[in-house]
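K.L.:
Could you work out the structure for the sequence below:
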Amino acid sequence: MLEGFIADTQPFRDITLPLLIGGEERWWTLSARPRVINGATVGLHGVGTDVTTARMAEAKVAYMAHYDSLTDLPNRFLFNETFARALKRKGIRARQTAVFCLDLDQFKNVNDTLGHPVGDKLLKEIARRLETCISGRDMVARLGGDEFAILHQGNTTRAELAEIAGRLIEAVSAPIIIDGNAILPATSVGIAVSPDDGTSVADLLKNADLALYSSKDGGRNRYSFFEPAMDEAARARREMEMDIRAALSRHELSLSYQPLIDIETGHPVGYEALMRWNHPERGAISPTEFIPIAEETGLIVQLGEWVIREAIAEAATWPDHLSVSI
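P.N.:
As a prediction, the model looks like this:
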């Protein structure tokens, strides 16, 4: 384009182009207009500005918007964009788009015991390992923390997807030494396939996540395909979580007291406080059902505080020789 303007002695403005100066690539912005002498155009004259610094800054901002700064993998934004384009394509490749969601088992322990710098180095190594397990048309991304996702496109059977998941687990699980610390990483994997498990990015990622949690519940360091029952179980757990929150405000919880007996005298020396929940619609709900969910969601803290207050208030009315166990 620039050559045409020069050949035709046409004015131009703010044309940015790369130049090789002293073996180094630089970016310049050029503007020029015809030079007229005695009514005749004899060439062009104008100005050039070195915009290399600004160009590099723009490139860095664009890179940071699409890539993870720690691992150099695509970030969640770029992954979702690429995933959405893949789902919109016509033909068999679009129909068989699959997504793998995975995270590191017990990664928090690495950060807590060895420090975040070691944790960061482990994440970078895991990123490289995952890249060795994918083909050229696939994409591996870091979604955040120790969460990774892989977009797989192509005519792939369920057995082949299972084989890929096995390779991912094997690659991640190889021992590694970081700053003198021996680490045995492990991962759990969840798999969702379009269109059977969803036709949108949000649905497929959600279902792959549900499959991932199923893998963890099944013992970790394994993979699971999404199944509709997983969604039903997740909905039931969400409903239970909401009910637990409401139970505190609706005063549905109560304590039963189991006596602690002195074997020699046969007399009670105290009581053990046991939580009970009488749901207005479901009736009595066993602690084995709601306590694990309370622990996972953090509601166990509120339940614990309530039990302590209630039990101490009740124990204050007892004879002095009786204690309460919470």
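K.L.:
doesn't Pro34 make contact with Phe12?
P.N.:
No. Between Phe12 and Pro34 there is no contact under C-beta atoms under 8 Å: 10.5 Å. C-beta coordinates here come from the backbone N, C-alpha and C atoms, glycine included.
K.L.:
Kindly tell me how buried the nearest residue to Ile177 once chain neighbours are set aside is, as a neighbour count.
P.N.:
The shortest distance from Ile177 to any non-neighbouring residue, by C-beta to C-beta, 6 or more residues apart in numbering, is to Ile183 (7.3 Å). When neighbours are defined as other C-beta atoms under 10 Å, Ile183 has 17 of them.
K.L.:
ok, Ile183 to Val172 distance?
P.N.:
11 Å (C-beta to C-beta, to the nearest Å).
K.L.:
Equivalent analysis for Glu125, please.
P.N.:
For Glu125, the distance to Val172 equals 9 Å [C-beta to C-beta].
K.L.:
between those two, who's got more neighbours?
P.N.:
For Glu125 versus Val172, the count of surrounding residues by other C-beta under 10 Å is larger for Val172: 23 against 17.
K.L.:
Which residues are in contact with the more buried one?
P.N.:
Residues near Val172 by C-beta atoms under 8 Å, 6 or more residues apart in numbering: 102, 104, 126, 129-130, 185-187.
K.L.:
among these, which are in strands?
P.N.:
Counting by DSSP state E, those place 102, 104, 187 in strands.
K.L.:
Tabulate those residues (CSV), appending pLDDT, neighbour count and distance to Asp112.
P.N.:
Putting the ones in strands among the contacts of Val172 into CSV (pLDDT from 0 to 100; neighbours: other C-beta atoms under 10 Å; distance: C-beta to C-beta, whole Å) gives the following:
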residue, pLDDT, neighbour count, distance to Asp112
Leu102, 95, 27, 21
Leu104, 92, 21, 13
Thr187, 93, 27, 18
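K.L.:
need the residues you listed in a markdown table with distance to Arg167, can you?
P.N.:
Output for the ones in strands among the contacts of Val172, formatted as a markdown table (distance: C-beta to C-beta, whole Å):
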| residue | distance to Arg167 |
| --- | --- |
| Leu102 | 12 |
| Leu104 | 16 |
| Thr187 | 11 |
